[in-house]
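Colleague: I would like to see how this sequence folds:
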Amino acid sequence: MRDRNFLLLWSGQFISDFGSNISIFALPVVAIIALHATALQVATLQSIEFATIALVAIIAGALADRHRRKRVMLVANAIRIVTMLSLPVAYGLGKLTLAQLFIAAIICSAASVLFDVAYQAIIPSLIGSERLADGNAKLSMSGSVAEAVGASAGGAIVQIIGAPLAMVADACSFIVSLYTIARIKHKEEKPEPAASDEESRVLAFARETLAGFEQLRRQPELRMVALCTATNYLGGAIVTAVFPVLVYRILQMPPAMFGVVMGIANVGMVGAFVSRPVQKMVGERGTLGSAVAISAVGKLMYLASHFSPLGAVALGRILITFAGPLYEVTQQTYRVAFIPEPLMGRVAAAFRAVTWATLPVGSLVGGVLATTIGVQHAIFIGSAISFCSITWLMSAANKREVRAGLLAAAN
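Modeller: Below is the predicted model of the structure:
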């Protein structure tokens, strides 16, 4: 796909994701090593980020559909630049605290939701519905690459210059993303306001926001994917919340070594490339179920870390890195077929609000479990919950088969 506008969006999104994943790597290190945070505090930090994403997502869709989406992305990037630069400045002045870390996480999470919803909503009009599957596959693939490479680079950067200064790299990535998005030449008509007086504008905004959730509720296919994703995310959040504690405190793995492990796990990125062939062989539900099972097995591999820390963490990350893009490419392409173009932003935001609402719950549960029964038990419980998300896919399939059988019997 050589469309200039898409290439600019793609490159800007990749660079932004790359920097963000450096911060995702560095923030827990800052909390654990520099600020001596406990397992529950680290889990709370992640929970706050996820809760912000879920809450802001409720209104982000209506905001994206009410304004020019390119402008929304530019504003979101500007907010993230200022916020991320505040952390190394505070660190240099000796004033960095957990409270500031939490506030920065809230602001950046909110801005990231606005950016992501806007770019997902602009894709269909930018490249056309006939190239949507290819475009989503490329964006998901680049996101997986950015996650793996960003985490690997994050280990080296944190080891060399320290975690707080690694935030500068994230801010620089947002500056580059700001530049590439600004160069997109895509004509967007400014949406007309739904009402003239202030009270009716508020009501109209509420109706627009709820329209995304209503579409999600009415469409069985969308509902199925949302429930499966939410359950999978719940289990994943439990594991993710305690993972930094496992790596840095229990296994005492240096950041640079962990970066190497994450680099080895990059081979799992092929999941983004094989999603289309796998869908042709086993269908969309089969692909989603396979990805969930592979990811759950990857999480369980962490339980073998006491026998082989590097091997268990590396193999676990490879499986998770493979399953992630395989699942995301499939579910994004699948659900877009059931969404009208004017509702793209609102349904994307509603989907994110529903699915990401489980993440702060999972993070807090992970912190509590790690504190009360231990990190290993928390990982096992989170992995089991993730695996159970397959039941939503099986339930939906059985209902359709029963309905088809009844219709056939009636005829």
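Colleague: ok, the closest residue in space to Gly367 that isn't next to it in sequence - contacts?
Modeller: Distances taken as Cβ to Cβ, 6 or more residues apart in numbering put Ala43 closest to Gly367, at 2.7 Å, once the chain neighbours are dropped. The C-beta positions use only the backbone N, C-alpha and C, and glycine is treated the same way. Residues near Ala43 by Cβ atoms under 8 Å, 6 or more residues apart in numbering: 241-242, 363-364, 366-368, 370.
Colleague: tell me which element Ala43 falls in.
Modeller: Following DSSP states H and E, one finds Ala43 within helix 39-66.
Colleague: with Gly12 instead?
Modeller: helix 4-29.
Colleague: can you point out the buried residues in that helix?
Modeller: Residues of helix 4-29 classed as buried by neighbour count (16 or more other Cβ atoms under 10 Å): 6, 8-29.
Colleague: and it, how far out from the chain's middle?
Modeller: 12 Å (Cα atoms, centre = their mean, to the nearest Å).
Colleague: how close does Ser173 sit to Met84?
Modeller: Noted for Ser173: a distance of 9 Å to Met84, by Cβ to Cβ, to the nearest Å.
Colleague: please apply the same query to Leu96.
Modeller: Taking Cβ to Cβ, one finds Leu96 at 13 Å from Met84.
Colleague: and for Gly283?
Modeller: Taken as Cβ to Cβ, the span from Gly283 to Met84 is 42 Å.
Colleague: go on, Ile318?
Modeller: Applying Cβ to Cβ to Ile318 and Met84 gives a distance of 29 Å.
Colleague: settle it for me: which of those two has more neighbours?
Modeller: The residue with more neighbours, out of Ile318 and Met84, is Met84; 25 against 22, by other Cβ atoms under 10 Å.
Colleague: so what's that one up against?
Modeller: 23, 104, 108, 167-168, 170-171, 174.
Colleague: sec struct for Gln215, please.
Modeller: helix (DSSP: H, G, I helix; E, B strand; the rest coil).
Colleague: check which helix or strand covers the closest residue to it other than its chain neighbours.
Modeller: Excluding the flanking residues, the one nearest Gln215 by Cβ to Cβ, 6+ apart is Val347, at 5.1 Å. Here Val347, judged by DSSP H and E, is contained in helix 344-356.
Colleague: right, and Asn232 touches Ser389 too?
Modeller: Yes: with contacts counted by Cβ atoms under 8 Å, Asn232 reaches Ser389, the gap being 4.1 Å.
Colleague: common neighbours of these two, please.
Modeller: What both Asn232 and Ser389 touch, as defined by Cβ under 8 Å, 6+ apart, is the set Val292.
Colleague: coming back round to it: same list (the contacts of Met84) but as JSON lines, adding secondary structure, pLDDT and distance to Leu216.
Modeller: Converted to JSON lines, those look like this (DSSP: H, G, I helix; E, B strand; the rest coil; pLDDT from 0 to 100; distance: Cβ to Cβ, whole Å):
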{"residue": "Ser23", "secondary structure": "helix", "pLDDT": "71", "distance to Leu216": "30"}
{"residue": "Ala104", "secondary structure": "helix", "pLDDT": "87", "distance to Leu216": "31"}
{"residue": "Cys108", "secondary structure": "helix", "pLDDT": "85", "distance to Leu216": "26"}
{"residue": "Met167", "secondary structure": "helix", "pLDDT": "76", "distance to Leu216": "35"}
{"residue": "Val168", "secondary structure": "helix", "pLDDT": "80", "distance to Leu216": "39"}
{"residue": "Asp170", "secondary structure": "helix", "pLDDT": "75", "distance to Leu216": "32"}
{"residue": "Ala171", "secondary structure": "helix", "pLDDT": "83", "distance to Leu216": "34"}
{"residue": "Phe174", "secondary structure": "helix", "pLDDT": "85", "distance to Leu216": "30"}
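Colleague: with those residues in mind, which one is nearest to Ile264?
Modeller: If you rank these by distance to Ile264 using Cβ to Cβ, Ser23 comes first, at 21.5 Å.
Colleague: so who does the closest residue to that closest one other than its chain neighbours touch?
Modeller: Among residues not flanking Ser23 along the chain, Asp170 sits closest, at 4.3 Å (Cβ to Cβ, 6+ apart). Residues near Asp170 by Cβ under 8 Å, 6+ apart: 19-20, 22-23, 26, 80, 84.
Colleague: how about 7 Å then?
Modeller: Neighbouring residues of Asp170 by Cβ atoms under 7 Å, 6 or more residues apart in numbering: 19-20, 22-23, 84.
Colleague: and the gap between it and Leu9?
Modeller: Asp170 is 19 Å from Leu9, by Cβ to Cβ.
Colleague: related to what we said a few turns ago, pLDDT score for the residue nearest to Gly367?
Modeller: pLDDT recorded at Ala43 is 73.
Colleague: same question for stretch 118-138, mean pLDDT?
Modeller: 70.
Colleague: just stretch 245-260 next, same as before
Modeller: So the average pLDDT for stretch 245-260 ends up being 78.
Colleague: start and end of that stretch, how far apart?
Modeller: With Cα to Cα, to the nearest Å as the measure, the ends of stretch 245-260 fall 18 Å from one another.
Colleague: that stretch: which residues count as buried?
Modeller: Using 16+ other Cβ under 10 Å as the test for burial, stretch 245-260 gives 245-251, 253, 255, 257-260.
Colleague: check the offset of it from the chain's centre.
Modeller: Worked out by Cα atoms, centre = their mean, stretch 245-260 lies 23 Å from the chain centre.
Colleague: show me what the helix holding Val347 is packed up against.
Modeller: Under the contact criterion of 3 or more Cβ pairs under 7 Å, 6 or more residues apart in numbering; DSSP states H and E, helix 344-356 touches helix 39-66, helix 98-127, helix 198-218, helix 220-244.
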